[in-house]
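Trainee: Build me a model from this:
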Amino acid sequence: KEIFAHGVGNTVAGLVSSLPLTGLVVRSIVGLNSGGTTKLVTILQGFWLLLALLFFSNIVEFIPLASLAAILVYISIRLIDIKEFKTIYHFGILELLIYITTFVLVITANVFTGVLVGMALSSIKLLCNLSKFDCKIDITDAGDYELFLEGAVNFINLPRLNMLLKKIHDGKTVIVNIAN
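Mentor: The predicted model follows:
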């Protein structure tokens, strides 16, 4: 709900030539990491932010930008969950490499570039996985047909499968063996 509201807010901000909203997801993660579990956390965060803007905005101007950047870097590093890298590694080394590439590009370039490259790499991996297909027919000792399918059966591979199925005689039993 929060990301949807963030998107609506940014859309409306763009329509009225205003600045876009930022930081909602990070504040939610910080709230959860601090033990907050209800909507009251979001309300209190907004309240404290409003108080800080009203009473401390003049003081904030004197804080060096390098110090504020250091605080942001520190908070960002604390938000990184190393266990997530291990979880993704269980899906394969290629998944982990895509994740790390996206992660590094978001930090070194910008969010748009990182997410775009991550989506492109994931799409290439998906297309490679969808193109892997093998099929063959064996005749069993009983005279039945055993059809072996391995990989993704999709519209690209359908003509090859159709040609193989045409080799089966009418009235015969077909055992379908599916792998992966």
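Trainee: helix, strand or coil for the residue of the chain positioned farthest from its centre?
Mentor: Among residues of the chain, the one most distant from the C-alpha centroid is Ala142; the distance is 48.8 Å, by CA atoms, centre = their mean. Three-state assignment for Ala142 (DSSP: H, G, I helix; E, B strand; the rest coil): coil.
Trainee: Low-confidence stretches in this structure?
Mentor: 1-3, 6, 18-27, 180 (pLDDT under 70).
Trainee: Do you have the strands of it handy? List them.
Mentor: Using DSSP state E, the strands found in the chain span residues 133-139, 145-151, 174-179.
Trainee: and the angle for the second one with strand 174-179?
Mentor: Computed with axes from the mean of the first three to the mean of the last three CA atoms, to 10 degrees, the direction of strand 145-151 lies at 20 degrees from that of strand 174-179.
Trainee: so what secondary structure elements neighbour strand 145-151?
Mentor: strand 133-139, helix 158-165, strand 174-179 (3 or more CB pairs under 8 Å, 6 or more residues apart in numbering; DSSP states H and E). For the C-beta atoms, the positions are set from N, CA and C on the backbone; glycine is no exception.
Trainee: I'd like the ones you listed as TSV, with distance to Ile100 and mean neighbour count appended.
Mentor: Output for the helices and strands packed on strand 145-151, formatted as TSV (distance: least, CB to CB, whole Å; neighbours: other CB atoms under 10 Å):
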stretch	distance to Ile100	mean neighbour count
strand 133-139	29	13
helix 158-165	36	12
strand 174-179	30	10
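Trainee: Could I get those in JSON lines, plus columns for distance to Leu40?
Mentor: Shown next, in JSON lines, are the helices and strands packed on strand 145-151 (distance: least, CB to CB, whole Å):
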{"stretch": "strand 133-139", "distance to Leu40": "53"}
{"stretch": "helix 158-165", "distance to Leu40": "55"}
{"stretch": "strand 174-179", "distance to Leu40": "51"}
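Trainee: between these, which one is nearest to Ile98?
Mentor: Nearest of the helices and strands packed on strand 145-151 to Ile98, taken as CB to CB: strand 133-139 at 22.6 Å.
Trainee: Within the sheet, what are the partner strands of that closest one, with directions?
Mentor: strand 145-151 (antiparallel) (DSSP bridges).
Trainee: now the angle from the partner strand to helix 158-165?
Mentor: 160 degrees.
Trainee: so how far is Thr173 from the residue farthest from the centre of the chain?
Mentor: 8 Å (CB to CB, to the nearest Å).
Trainee: Can you give me the end-to-end span of stretch 32-44?
Mentor: 13 Å (CA to CA, to the nearest Å).
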